[in-house]
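Undergrad: Next input, structure requested:
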Amino acid sequence: MRGSMSTKTKKISSDKVFDIFNYTLLILLIVVVAYPLYYVLIASISDPYEVYGGKTFLLPSKITLEGYFRVFREESIATGYLNSIYYTVLGTVISVALIITTGYCVSKKTLPFRKAIMVFYVFTMYFNGGLIPTYLVVSKLGMLNSVWALILPGGVAVFNVIVARTFFESSIPEELYEAAAIDGSSNLRTFVKIALPLAKPILAVMVIFTMVAYWNDWFTALIYMNEKAKYPLQLALRQVLIQSQATATMMGNMDGGYAEANKITELIKCASIVVGSVPMLVAYPFVQKYFEKGFMAGAVKG
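TA: Numbering: from 1, shown residues only. Have a look, this model is predicted:
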């Protein structure tokens, strides 16, 4: 009896040690991930000279909002925000719809040439035509300087299709589809009434992946957009930063001019990072509860 009690006591103590180790490790990981974001935030409202001097390790020093004033003073920023929201929402809706329907179709073993279709998709992950042929295709299709140039060329991410396909294969029992077929349900109705309601976790994963991709994309707009009024936020922030750096260079010959202009440039740089990151940080908690479940369910089997 005493032996069993001592064994239980040892097991409880070992569990506590394991829990303490896990919590400590997780806290360290949180610090490693969260501190850079925190540091950029306090740097964006601190005097750059204080940042250079290492005086903003934990708290801001000589607080100033000049960087944010300079960023939001530009009319292109407000326009860029609206453009990015429009591009992100439209692109996410179209892309997720294409990914989920494609993933569902290729998950069906009754699909003709299923393996050949997947080989074709996977092939495009490793080989593509390159920037110039893609530009020529977009140009010939009349999509230059339009929202479709930002959405359609990369509308179907093959990796996301593979994750969605694996989710449908491993997480939804085939018996449900068979029961629906016996009841006379069509393929479309089965997809809408059975597959989609059970696919909320993977939908959340696809939404967050796609939202982040469209929100952070600036290079595609740089290539295909000709009008500044259509620039997304990331590209508008890039233009503001370039202008600020150019101003600092022009003032280099003035006494104290370069130092002051460079100070403003650093403030704008940090403020731009915060301004560009906040929307995604706000959106993420709304899908976080589905994220882990959907990601793990869609990545267990290949």
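
Undergrad: Just the element for the nearest residue to residue 128 once chain neighbours are set aside, please.
TA: Of all residues not flanking residue 128 in the chain, residue 134 sits nearest, at 7.4 Å (CB to CB, 6 or more residues apart in numbering). Bear in mind the C-beta positions are built from the backbone N, C-alpha and C, glycine included. For residue 134, the element it lies in under DSSP states H and E is helix 131-140.

Undergrad: What of residue 120?
TA: helix 114-126.

Undergrad: Using CSV, list the CA coordinates for that helix.
TA: Listed next in CSV are the C-alpha coordinates belonging to helix 114-126 (Å, rounded to 0.1, in the frame of the first residue of the first chain):
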residue,chain,number,x,y,z
ARG,A,114,-7.5,12.5,-59.8
LYS,A,115,-3.8,11.7,-59.4
ALA,A,116,-2.9,13.3,-62.7
ILE,A,117,-4.7,16.5,-61.7
MET,A,118,-2.7,16.6,-58.4
VAL,A,119,0.6,16.0,-60.2
PHE,A,120,-0.3,19.0,-62.4
TYR,A,121,-1.0,21.2,-59.4
VAL,A,122,2.1,20.1,-57.5
PHE,A,123,4.2,20.7,-60.7
THR,A,124,3.2,24.4,-60.6
MET,A,125,4.6,24.6,-57.0
TYR,A,126,8.1,24.1,-58.3
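
Undergrad: which parts of the helix holding residue 134 are buried?
TA: Residues 134, 135, 138 are the ones in helix 131-140 that count as buried (16 or more other CB atoms under 10 Å).

Undergrad: With stretch 37-47 instead?
TA: Those would be 39, 40, 41, 42, 43, 44, 45, 46, 47, for stretch 37-47 by 16+ other CB under 10 Å.

Undergrad: The fifth one contacts residue 51, doesn't it?
TA: Yes - with contact taken as CB atoms under 8 Å, residue 43 and residue 51 are classed as touching, separated by 5.0 Å.

Undergrad: re earlier: return the member of the buried residues of helix 131-140 nearest to residue 193.
TA: Minimum distance to residue 193 across the buried residues of helix 131-140 is 37.4 Å, recorded for residue 138 (CB to CB).

Undergrad: I'd say that closest one and residue 154 touch.
TA: No - contact criterion CB under 8 Å: residue 138 and residue 154 do not qualify, at 11.0 Å.

Undergrad: which SS class is the spatially most central residue of the chain?
TA: Centroid-nearest residue in the chain: residue 212, 2.2 Å away (criterion: CA atoms, centre = their mean). Under the three-state scheme (DSSP: H, G, I helix; E, B strand; the rest coil), residue 212 adopts helix.

Undergrad: The closest residue to it other than its chain neighbours: how many residues sit nearby?
TA: The shortest distance from residue 212 to any residue other than its chain neighbours is 5.8 Å, reached at residue 280 (CB to CB, 6+ apart). By other CB atoms under 10 Å, the residues close to residue 280 number 14.
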